[in-house]
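J.: Have a look at this prediction, sequence included:
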Amino acid sequence: MRNHSNARAAGFTLLEMIFAMALGAIVLGASVALYNQGVGATFTVSQRAELQQDFRAASDMLTRDLSLAGSGLGNNVQIGLPTTSTTPVYGCDQAAKCYINGSAATYPKQGSAPYLYGLIPGWKYGPTLNSAQGPTDVVTVVYTDPGFYLNCYAVSVTASTVVKFTLNSPLPPNCVLPSGVAAPQNVNDAVVGLTPGDLVWFTLTPGAGCSGCTPSTVVAEVTAVAATSPTTYNVTFATGDVLKMNQTSAASGSLANVVNDVGTGTRILAITYYIDNSVTPPRLMRQISGHSPMPVAENVVYLKFSYDLYNSSTGTVEPNQADGGASLGLTPNQITKINILHMAMDSTLKGAQGGFQGLDLQTSVSARDLTYNNSYPIGQ
């Protein structure tokens with residue numbers, strides 16, 4: 001005979017189940033929200049770290065170049081460029097494409113003569129990215145190339161568009177090579193040698209038989225390089241060059257004016273920083289002489305400078321001149337300090353809550369190789 005229990009099996013009532021499901025949904029929702037916040041925070045932190053890294057790399061490169069403005073060119077440098085109705089330009093490459101707000105920029109003038117300085121302000125030369133802020137700025141710094149020992153070669157201007165480079169033995173006194181380096185690089189070296197678009201600064205004197213002649217300086221753009229022997233090279237500076245440096249019809253400042261002169265040559269780097277808004281997002285670009293520009297950082301949304309100058313005529317300092325002192329009749333070789341008012345960069349992607357993160361560089365850089373004035377008189 002089997003016994004039957006009349007006790008009900010243990011379990012949940014419908015009300016208990018509904019309450020448990022509701023409580024579980026609340027806990028699950030809170031967990032999901034907490035997880036999303038964690039993911040968002042992680043994304044924000046990683047995005048901030050990436051922004052800071054890109055910003056630091058761009059600002060370090062810009063401030064380094066600014067600090068080298070005029071280096072190797074001599075104090076208070078101003079080099080006369082070819083003087084014709086066609087003014088030499090910068091901001092263009094060998095494909096004849098120009099980038100300074102879609103155009104070329106001309107060198108500043110004293111009267112009708114253009115000059116190359118160690119630092120060239122480009123006030124409002126750049127594109128407008130924000131109408132309230134107005135046009136962005138451009139800046140160009142010029143200094144000699146310390147890694148290419150071109151000055152170890154003797155040069156002679158053999159024609160109005162051709163210069164012969166010769167490596168003599170022994171090397172001239174002005175050729176100072178680093179320890180462990182036995183000889184300068186070849187003029188046509190595949191890595192560091194001259195290529196079309198390079199700028200060469202010549203210091204020349206008339207040939208043999210000229211006693212006490214005054215040196216002259218010429219800047220020209222390389223258009224071709226050819227080796228004629230293991231130690232001699234013919235470098236062509238043909239007319240019609242992109243940067244309009246090689247003007248044989250110029251009354252001064254051209255190789256055509258110094259045919260048969262001899263001396264030395266040094267490669268100079270004319271480095272221009274500008275914002276390119278032809279792509280999205282806009283980016284900070286760095287162009288060297290007549291070569292194609294390279295991107296430095298994306299999402300650079302503002303670039304603005306001002307300059308402190310020393311007025312040698314009045315003995316006064318003119319601070320925060322947005323136009324580089326042009327409105328005061330001063331020239332760029334009187335600049336003593338570059339003030340980076342803004343180099344603003346946004347993050348590449350929007351944050352978890354929408355919107356971009358941003359950083360803004362504001363600092364000053366001493367132009368140590370431009371004008372210098374001792375403001376600390378020696379006491380008794």
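T.: Here it is on my side, so go on. Numbering: from 1, shown residues only.
J.: helix, strand or coil for the nearest residue to Asn186 once chain neighbours are set aside?
T.: Using CB to CB, 6 or more residues apart in numbering and skipping the chain neighbours, the partner closest in space to Asn186 is Gly193 (5.9 Å). Using the backbone N, CA and C atoms, a C-beta is placed for each residue, glycine as well. Counting by DSSP: H, G, I helix; E, B strand; the rest coil, the backbone at Gly193 sits in coil.
J.: Kindly provide the distance from Gly193 to Pro230.
T.: 14 Å (CB to CB, to the nearest Å).
J.: and if you look at Thr144?
T.: Distance of Thr144 to Pro230, computed by CB to CB: 26 Å.
J.: More neighbours: which of these two?
T.: Comparing Thr144 with Pro230 by other CB atoms under 10 Å, the one with more neighbours is Thr144, at 19 against 8.
J.: Got the confidence number for that one?
T.: pLDDT, Thr144: 95.
J.: Also Ser366?
T.: Note on Ser366: pLDDT of 88.
J.: and if you look at the one 10 residues further on?
T.: pLDDT, the model's per-residue confidence, is 44 for Tyr376.
J.: and Gln185, how many residues sit next to it?
T.: Neighbours around Gln185, by other CB under 10 Å: 17.
J.: ditto for Leu66
T.: For Leu66, the count of nearby residues is 22 (other CB under 10 Å).
J.: Three-state assignment for it, please.
T.: Leu66 - assigned by three-state DSSP - is helix.
J.: measure it to Asp137 for me?
T.: For Leu66, the distance to Asp137 - CB to CB - is 13 Å.
J.: buried ones in stretch 84-96?
T.: Using 16 or more other CB atoms under 10 Å as the test for burial, stretch 84-96 gives Thr84, Thr87, Pro88, Val89, Tyr90, Gly91, Cys92, Asp93, Gln94.
J.: List the residues that contact Cys149.
T.: Actually, residue 149 is Tyr. It isn't Cys. Cys175, Leu177, Val181, Pro184, Gln185 (CB atoms under 8 Å, 6 or more residues apart in numbering).
J.: Those residues in strands, which ones?
T.: The strands, defined by DSSP state E, take in nothing from the contacts of Tyr149.
J.: Could you export these as a markdown table, including distance to Pro295?
T.: Formatted as a markdown table, these follow (distance: CB to CB, whole Å):
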| residue | distance to Pro295 |
| --- | --- |
| Cys175 | 36 |
| Leu177 | 34 |
| Val181 | 32 |
| Pro184 | 32 |
| Gln185 | 28 |
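J.: Specify which member of those residues is nearest to Asn311.
T.: Cys175 (38.4 Å; CB to CB).
J.: which phi and psi does that closest one have?
T.: Dihedral pair for Cys175: phi -90, psi 100, per degrees, to the nearest 10.
J.: any weak-confidence spans in the stretch 151-300 of the chain?
T.: Along the stretch 151-300 of the chain, the model assigns pLDDT under 70 to residues 208-213.
J.: Buried ones in the helix or strand that contains Trp201, by neighbour count?
T.: Applying DSSP states H and E as the criterion places Trp201 in strand 199-205. Going by neighbour count (16+ other CB under 10 Å), the buried part of strand 199-205 is Leu199, Val200, Trp201, Phe202, Thr203, Leu204.
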